[in-house]
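**Student:** here's a sequence, model it:
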Amino acid sequence: MVKKVTYTLDDATVRRVDSASERLKMPKSQVIRDAVAEFHDSIGRLSERERLRQLRVLRDLVPLIPRRPQAEVEQEIAEIRSARRTGGRGGTPRGSR
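**Tutor:** Model prediction:
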């Protein structure tokens with residue numbers, strides 16, 4: 001079923017639709033249907049620009065991760081867990097209040 005609707009578009013968008021319609025030799029309505037379908041399919045996925053930005057951030061941050069022996073990391077995690085179980089820094093243990 002095809003439904004006729006009216007939307008307001010800015011001049012630049014109208015020019016793009018016109019240009020795509022001419023270049024692809026298809027009706028403007030088909031250009032818009034295809035564009036909306038492609039946009040809808042991309043919802044929730046990263047754009048190429050965003051994907052590249054995140055890769056740059058990752059490339060810049062990974063070298064900043066300190067290299068430590070695994071035993072040292074596990075010891076620190078154990079200390080944190082112990083502190084949490086005893087109420088943190090100088091607090092009373094949970095359940096004893």
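**Student:** tell me which residue is most central in this structure.
**Tutor:** Centroid-nearest residue in the chain, with Cα atoms, centre = their mean: Leu46, separated by 5.8 Å.
**Student:** any idea how far that one lies from Val31?
**Tutor:** 24 Å (Cβ to Cβ, to the nearest Å). (Each C-beta comes from the backbone N, C-alpha and C, glycine too.)
**Student:** if we can go back for a sec, isn't the residue nearest to the centre of the chain right next to Leu55, touching?
**Tutor:** No: the pair Leu46 / Leu55 is not scored as a contact, 10.0 Å apart, by Cβ atoms under 8 Å.
**Student:** where does pLDDT dip in the chain?
**Tutor:** Low-confidence segments of the chain (pLDDT under 70): 88-97.
**Student:** can you give me the helices for the chain?
**Tutor:** Using DSSP state H, the helices of the chain run over 11-24, 28-42, 48-61, 70-85.
**Student:** run the chain-centre distance for the third one.
**Tutor:** In terms of Cα atoms, centre = their mean, to the nearest Å, the centre of helix 48-61 is set 11 Å apart from its chain centre.
**Student:** touching that helix from outside, list them.
**Tutor:** Leu46 (Cβ atoms under 8 Å, 6 or more residues apart in numbering).
**Student:** burial measure for Ala83, as a count.
**Tutor:** Ala83 is flanked by 13 other residues according to other Cβ atoms under 10 Å.
**Student:** distance check, it against Pro69.
**Tutor:** When distance is defined by Cβ to Cβ, Ala83 is 21 Å away from Pro69.
**Student:** kindly report the same for Val36.
**Tutor:** 54 Å.
**Student:** next: Tyr7.
**Tutor:** Tyr7 sits at a distance of 61 Å from Pro69 (criterion: Cβ to Cβ).
**Student:** on that earlier part again, can you pull the contacts of the residue nearest to the centre of the chain?
**Tutor:** Gln54.
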